[in-house]
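# Predicted structure and sequence below. I'll ask about it afterward.
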Amino acid sequence: MRRLPVTPWRRDSNEVASGKPGAVQRHDPPRVMHSAGRDAYKGEAQEWALIGKYFNAQSKEQGRQIKTRFALLPSVDHVGDELGKADFKICAWRTNDAKNDLSLRDFVDLCRRVVKHWDGGLSAARCATIRWPAAIQVGCG
């Protein structure tokens with residue numbers, strides 16, 4: 001995970017300089033082991049073999065396709081306000097991207113609202129006309 005993505009690692013290095021234990025985050029085998037290789041928020045297995053295979057040049061060339069291919073790349077979600085003791089969770093890049101800077105409570109609330117909207121407000125006829133990504137299992141009807 002040291003190579004990818006670069007920005008959080010630079011931020012962690014800056015946190016070490018300011019007295020925050022960012023360097024510990026980078027090398028925290030107990031935290032990774034505690035995750036059992038699964039996304040901390042969804043429990044979904046992550047693709048650890050993707051570590052070290054993402055390159056910014058590819059991303060520029062392939063755009064959104066690269067995000068789909070690397071959706072389950074393990075990433076570090078910094079939790080909290082970053083003013084106190086550094087804390088983080090291991091989760092898939094897609095999850096981390098969706099959660100962004102939301103608190104856990106706000107993220108779960110957002111997810112519930114999305115599910116409520118799609119489960120309650122989508123007719124079977126409309127559902128059947130949508131070109132769902134292959135990764136999404138949707139039962140229309």
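On my side now, so go ahead. None of these values were measured; they are calculated from a predicted model.
# Next, the buried residues of the longest helix seen in the chain.
Taking DSSP state H as the criterion, the chain has its longest helix at helix 104-121. Neighbour counts over helix 104-121 (16 or more other Cβ atoms under 10 Å) mark Phe107 as buried. In short, each C-beta sits where N, CA and C put it, glycine included.
# any idea of the mean pLDDT for that helix?
Helix 104-121 shows a mean pLDDT of 85.
# May I have that helix as CSV, with CA atoms only?
Taking Å, rounded to 0.1, in the frame of the first residue of the first chain, the C-alpha atoms of helix 104-121 are listed here in CSV:
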residue,chain,number,x,y,z
LEU,A,104,-19.7,7.0,9.6
ARG,A,105,-23.1,8.1,10.7
ASP,A,106,-23.5,10.4,7.7
PHE,A,107,-22.2,7.8,5.3
VAL,A,108,-24.6,5.2,6.5
ASP,A,109,-27.5,7.7,6.4
LEU,A,110,-26.6,8.5,2.8
CYS,A,111,-26.5,4.8,1.9
ARG,A,112,-29.9,4.3,3.4
ARG,A,113,-31.4,7.2,1.5
VAL,A,114,-30.0,5.9,-1.8
VAL,A,115,-31.4,2.4,-1.1
LYS,A,116,-34.7,3.8,0.0
HIS,A,117,-34.9,5.9,-3.2
TRP,A,118,-34.1,3.0,-5.5
ASP,A,119,-36.0,0.3,-3.7
GLY,A,120,-39.1,2.3,-3.1
GLY,A,121,-39.2,4.7,-6.1
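# show me where pLDDT drops low in the protein?
1-34, 82, 121-123, 132-141 (pLDDT under 70).
# can you map out the strands along it?
Here the chain has its strands, by DSSP state E, at 74-79, 87-92.
# can you tell me which of these comes nearest to Arg64?
strand 87-92 (16.1 Å; Cβ to Cβ).
# Do a quick rundown of the helices in this protein.
6-17, 22-26, 29-34, 56-62, 64-69, 93-99, 104-121, 124-129.
# okay, the fourth one in PDB with CA atoms only?
Read that as helix 56-62. Extracted in PDB, the C-alpha atoms of helix 56-62 (Å, rounded to 0.1, in the frame of the first residue of the first chain):
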ATOM      1  CA  ASN A  56      -1.400   7.600 -12.400                       C
ATOM      2  CA  ALA A  57      -0.400   7.500 -16.100                       C
ATOM      3  CA  GLN A  58      -2.800   4.600 -16.600                       C
ATOM      4  CA  SER A  59      -5.500   6.500 -14.800                       C
ATOM      5  CA  LYS A  60      -5.100   9.500 -17.100                       C
ATOM      6  CA  GLU A  61      -5.400   7.300 -20.200                       C
ATOM      7  CA  GLN A  62      -8.200   5.100 -19.000                       C
END
